[in-house]
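Participant: 3D model of this:
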Amino acid sequence: AAAGVALLVPAVLGLLPPGTWRAARGLPSVVLLRGIAAGSFIAAESFVPLMLVTQRGLSPTLAGFSLAAGGGTWALGSWVQSRPRLEPYRDRLMSLGMLLVAGAIAAAPSVLIESVPAWTLAVAWAFGCFGMGLVISSTSVLLLQLSAPEEAGTNSAALQISDGLSNVLLLAVGGAAFVALGGGTVTHVATEVTGSHPGAFAAVFLPMAAVALIGVWVTTRLRSPRG
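Facilitator: Below is the predicted model of the structure:
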């Protein structure tokens, strides 16, 4: 895995706007933010059903339903950011969105505590999905606003590369941490759920929440000093 990353990252650097990895102001930060938001949220979301099944004893169906409301709130967030009267506040909406994403991810492992109702994760995730709706759609809009017409296609491709690459890298990192702390031994057999390693889930969610918080800072760098 390490060898693959060592080969992949240098190859991709040339496909992203210069300054992306150091969050240079303007377009590079927009591209970076897309990767941070998508990677941290999707990597965390991948472990939500497994955690609910193995740690709280929910059926796979109920665990999946815990994410269902998020589809609606994601669409709502996308709709909200598209309102013309909110255009002057786009940067603030994106900051709010990343705060909601970070908060949802950080709140997820709270259901590892037996006294915390499992449904609280569904509520938290709905707010996180609303934040994703604000951020993901806004990065596409802002990228086109900051791109010259002849560069729109190249920059849009860079946005998608950032999205896909971050998903791969952060999911790989989260999965490695999960396995390293014993998460690989978690099983669900018949009606008996066994999972003696709740820390393995925390090792996924808390770092991803930290990554999302970095995204809050990146939202302060989306405009050039003149923008």
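
Participant: nearest the geometric middle of the chain, what residue?
Facilitator: The centroid of the chain falls nearest to Phe41 when counting by CA atoms, centre = their mean (2.1 Å).

Participant: packing partners of the strand or helix carrying that residue?
Facilitator: Taking DSSP states H and E as the criterion, Phe41 maps to helix 27-45. Under the contact criterion of 3 or more CB pairs under 8 Å, 6 or more residues apart in numbering; DSSP states H and E, helix 27-45 touches helix 90-107, helix 119-146, helix 152-180, helix 198-218. C-betas here are computed from N, CA, C, even on glycine.

Participant: surely Ala43 meets Phe205?
Facilitator: No - in this structure, Ala43 is not within contact of Phe205 by CB atoms under 8 Å, at 9.3 Å.

Participant: what bits of this structure have low per-residue confidence?
Facilitator: 1-6, 9, 184-196, 225-227 (pLDDT under 70).

Participant: the same query, at a cut-off of 80, please.
Facilitator: Along the chain, the parts satisfying pLDDT under 80 run over 1-14, 183-196, 224-227.

Participant: ok so, going back, which one, of the helices and strands packed on helix 27-45, ends up nearest to Trp74?
Facilitator: helix 119-146 (4.1 Å; CB to CB).

Participant: other SSEs contacting that closest one?
Facilitator: Against helix 119-146 (3+ CB pairs under 8 Å, 6+ apart) you get helix 27-45, helix 48-56, helix 68-81, helix 90-107, helix 152-180.

Participant: now those helices in JSON lines, with distance to Ala122?
Facilitator: Formatted as JSON lines, those follow (distance: least, CB to CB, whole Å):
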{"stretch": "helix 27-45", "distance to Ala122": "12"}
{"stretch": "helix 48-56", "distance to Ala122": "9"}
{"stretch": "helix 68-81", "distance to Ala122": "6"}
{"stretch": "helix 90-107", "distance to Ala122": "10"}
{"stretch": "helix 152-180", "distance to Ala122": "21"}
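
Participant: deepest-packed of those, please.
Facilitator: Each of those was scored by mean neighbour count; the highest is helix 27-45, a mean of 26, by mean count of other CB atoms under 10 Å.

Participant: burial count for Trp21?
Facilitator: Around Trp21 there are 13 other residues, counting by other CB atoms under 10 Å.

Participant: my guess is it contacts Leu32. True?
Facilitator: Yes - with contact defined as CB under 8 Å, Trp21 reaches Leu32; the gap is 7.2 Å.

Participant: and the angle for the helix holding Phe41 with helix 198-218?
Facilitator: Per axes from the mean of the first three to the mean of the last three CA atoms, to 10 degrees, the angle that helix 27-45 makes with helix 198-218 is 160 degrees.

Participant: how about helix 27-45 as PDB, C-alpha atoms only?
Facilitator: Coordinates of each C-alpha in helix 27-45 appear next as PDB, following Å, rounded to 0.1, in the frame of the first residue of the first chain:
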ATOM      1  CA  LEU A  27      -8.600  27.800  -7.000                       C
ATOM      2  CA  PRO A  28      -6.100  25.400  -5.300                       C
ATOM      3  CA  SER A  29      -8.000  25.600  -2.000                       C
ATOM      4  CA  VAL A  30     -11.300  25.000  -3.700                       C
ATOM      5  CA  VAL A  31      -9.800  21.800  -5.200                       C
ATOM      6  CA  LEU A  32      -8.300  20.800  -1.900                       C
ATOM      7  CA  LEU A  33     -11.500  21.400   0.000                       C
ATOM      8  CA  ARG A  34     -13.400  19.100  -2.300                       C
ATOM      9  CA  GLY A  35     -11.000  16.300  -1.500                       C
ATOM     10  CA  ILE A  36     -11.000  16.900   2.200                       C
ATOM     11  CA  ALA A  37     -14.800  17.000   2.400                       C
ATOM     12  CA  ALA A  38     -15.400  14.000   0.200                       C
ATOM     13  CA  GLY A  39     -12.600  11.900   1.600                       C
ATOM     14  CA  SER A  40     -13.200  12.400   5.300                       C
ATOM     15  CA  PHE A  41     -17.000  12.000   5.000                       C
ATOM     16  CA  ILE A  42     -17.100   9.000   2.700                       C
ATOM     17  CA  ALA A  43     -14.300   7.200   4.600                       C
ATOM     18  CA  ALA A  44     -16.200   7.600   7.900                       C
ATOM     19  CA  GLU A  45     -19.600   6.700   6.400                       C
END
